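>>> for reference, the sequence and a predicted model appear below.
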Amino acid sequence: MYHSKITVKLRPSILDPQGKAVEHAIHSLGAAAVHDLRIGKLVEFDIDAATQQEAERITEEACKKLLANPVMEDYAFTVEKRK
Amino acid sequence: MSLSKIKFGVVVFPGSNCDHDAYHAAKHVMEQDAEFIWHKETDLHGADVIVLPGGFSYGDYLRTGAIARFSPVMQEVVRFANNGGTVIGICNGFQVLLEAGLLPGVMLRNRSLRFVCKFVHLKVENASTRFTSECQKGGVLKIPVAHGDGNYFASDDVVKSLEDNNQVVFRYCEADGNITDEANPNGSLHNIAGIVSAEGNVMGMMPHPERASELELGSADGKKIFESLIHSVVLV
């Protein structure tokens, strides 16, 4: 079995108002050094795939067709073998 | 039943909440035929016009419209649209059309981060579509918006081609028709409130014409969209 961890983030060119609001809140905690805060999503799942390659292919396809919208989002993932 | 009646098919996703409003506008205000189409169906009931209504299909999980796109009925809607069928997506329905690839672009969170529910004014930029033939080019409609993610975004190339091909149907404007940043309720690029496909048969709009089809509701300007659709289908 394999385990995929996918992060989906707004592309750098897209304004992230939610991230901005949270950054302001962090500043009011006193952490003025924090900047460029962005909020994304974490998706993880197990895959009953025969090989690492197959697990990666399935993960990639899920990212492309569903988990991320390429107009506004970038994705990255890791696939690890699990017992 | 008069022969000139057309049939509206209103798709119902789990979480749709303007389906009854659209049905009411089509059936009782416009006195046409209307039927609900449950999202698990794979038959469009012979509808002349498919309406993807507003709401929060699938709780807006993942992204607005992202999951509704995979509903069984959407395969048929895409096929219908690709064969030239008339499809209008309102609010969440517009978001579904974007995710389904029937229209280009995406909806980002409103720049205010707030859900915006109010009357807005729309300038009719293209009155020669089957959705706007009963409007006047340059005319102003008063129709409400109600959304949290209506901030239209697309790449520069896509926006340029929409503009060049006259595919921007509505823009947010002032009551006098001036297109200003203050009149933009959500931060949409170029004040875009509604666009039509290159082939002209699929339109998405964030404002709700079905909520402004009777004067008792504050405006009947939305009726013009329904009248346009009826005339275009009857003429075909």
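Looks like it came in fine.
>>> quick one, phi psi at the residue of chain A positioned farthest from its centre?
For chain A, the largest distance from the centre (Cα atoms, centre = their mean) belongs to A:Gly30, which lies 27.5 Å off. Main-chain dihedrals, A:Gly30, degrees, to the nearest 10: phi 110, psi 0.
>>> quick check: the residue of chain B found nearest chain A vs A:Glu73, distance?
Residue nearest to chain A within chain B: B:Val106 (4.5 Å; Cβ to the nearest Cβ). C-beta here means a position set from N, CA and C on the backbone, and glycine is covered the same way. According to Cβ to Cβ, to the nearest Å, B:Val106 stands 9 Å off from A:Glu73.
>>> just to revisit the earlier point, any idea how far the residue of chain B closest to chain A lies from B:Pro209?
B:Val106 sits 22 Å away from B:Pro209, going by Cβ to Cβ.
>>> and if you look at B:Asp33?
18 Å.
>>> which other residues reach stretch B:166-174?
Identification of contacts with stretch B:166-174 by Cβ atoms under 8 Å, 6 or more residues apart in numbering or on different chains yields B:120-126, B:129, B:131-132, B:140-141, B:161-162, B:179-180, B:182-185, B:188, B:190-198, B:203, B:205, B:207.
>>> give me the buried subset of those residues.
Among these, the ones that count as buried by 16 or more other Cβ atoms under 10 Å in any protein chain shown are B:120-126, B:129, B:131-132, B:140-141, B:162, B:183-185, B:188, B:190-197, B:203, B:205, B:207.
>>> so which of the residues you listed are in helices?
Counted as lying in helices by DSSP state H, out of these, are B:Leu162.
>>> intersect the buried ones among the contacts of stretch B:166-174 with the contacts of chain A.
When contact is defined as Cβ under 8 Å from any Cβ of the partner chain, the buried ones among the contacts of stretch B:166-174 do not meet chain A at all.
>>> for chain A, which residues are neighbours of chain B?
Near chain B, when you scan chain A using Cβ under 8 Å from any Cβ, you find A:Ile14, A:Leu15, A:Pro17, A:Gln18, A:Ala21, A:Leu66, A:Leu67, A:Asn69, A:Val71, A:Met72.
>>> ok so, going back, so B:Val106 and A:Glu73 - more neighbours on which side?
B:Val106 (21 against 18; other Cβ atoms under 10 Å in any protein chain shown).
>>> tell me the contacts of that one?
A:Asn69, A:Val71, A:Met72, B:Arg63, B:Leu98, B:Tyr152, B:Phe153, B:Ala154.
>>> okay, now the closest residue to B:Pro207 other than its chain neighbours: neighbour count?
Spatial nearest neighbour of B:Pro207, excluding adjacent residues (Cβ to Cβ, 6 or more residues apart in numbering or on different chains): B:Ile143 at 4.1 Å. Neighbour count for B:Ile143, taken as other Cβ under 10 Å: 27.
>>> list the strands paired with the helix or strand hosting B:Ile143, with their directions.
Element membership for B:Ile143 (DSSP states H and E) is strand B:140-147. Sheet partners assigned to strand B:140-147 using DSSP bridges are listed as strand B:116-124 (antiparallel).
>>> chain center to the longest helix along chain B, what's the gap?
In chain B, assigned by DSSP H, the helix with the most residues is helix B:223-235. Offset of helix B:223-235 from its chain centre (Cα atoms, centre = their mean, to the nearest Å): 14 Å.
>>> next, the angle from it to strand B:116-124.
50 degrees (axes from the mean of the first three to the mean of the last three Cα atoms, to 10 degrees).
>>> which secondary structure elements does helix B:223-235 contact?
strand B:86-90 (3 or more Cβ pairs under 8 Å, 6 or more residues apart in numbering or on different chains; DSSP states H and E).
>>> do a quick rundown of the strands in the chain.
Since no chain was named, I'll use chain A. A:2-10, A:41-47, A:73-81 (DSSP state E).
>>> if you could check chain B rather than the one you did, that'd help
Ranges of strands in chain B, per DSSP E, are B:7-12, B:33-38, B:49-52, B:86-90, B:106-108, B:116-124, B:140-147, B:151-153, B:168-173, B:192-196, B:202-205.
>>> how about these in TSV, adding mean pLDDT?
Shown next, in TSV, are these (pLDDT from 0 to 100):
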stretch	mean pLDDT
strand B:7-12	98
strand B:33-38	98
strand B:49-52	98
strand B:86-90	98
strand B:106-108	96
strand B:116-124	98
strand B:140-147	98
strand B:151-153	97
strand B:168-173	98
strand B:192-196	98
strand B:202-205	98
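>>> dump those strands to JSON lines, plus distance to B:Gln75.
Converted to JSON lines, the strands of chain B look like this (distance: least, Cβ to Cβ, whole Å):
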{"stretch": "strand B:7-12", "distance to B:Gln75": "12"}
{"stretch": "strand B:33-38", "distance to B:Gln75": "13"}
{"stretch": "strand B:49-52", "distance to B:Gln75": "13"}
{"stretch": "strand B:86-90", "distance to B:Gln75": "13"}
{"stretch": "strand B:106-108", "distance to B:Gln75": "21"}
{"stretch": "strand B:116-124", "distance to B:Gln75": "31"}
{"stretch": "strand B:140-147", "distance to B:Gln75": "26"}
{"stretch": "strand B:151-153", "distance to B:Gln75": "26"}
{"stretch": "strand B:168-173", "distance to B:Gln75": "26"}
{"stretch": "strand B:192-196", "distance to B:Gln75": "22"}
{"stretch": "strand B:202-205", "distance to B:Gln75": "15"}
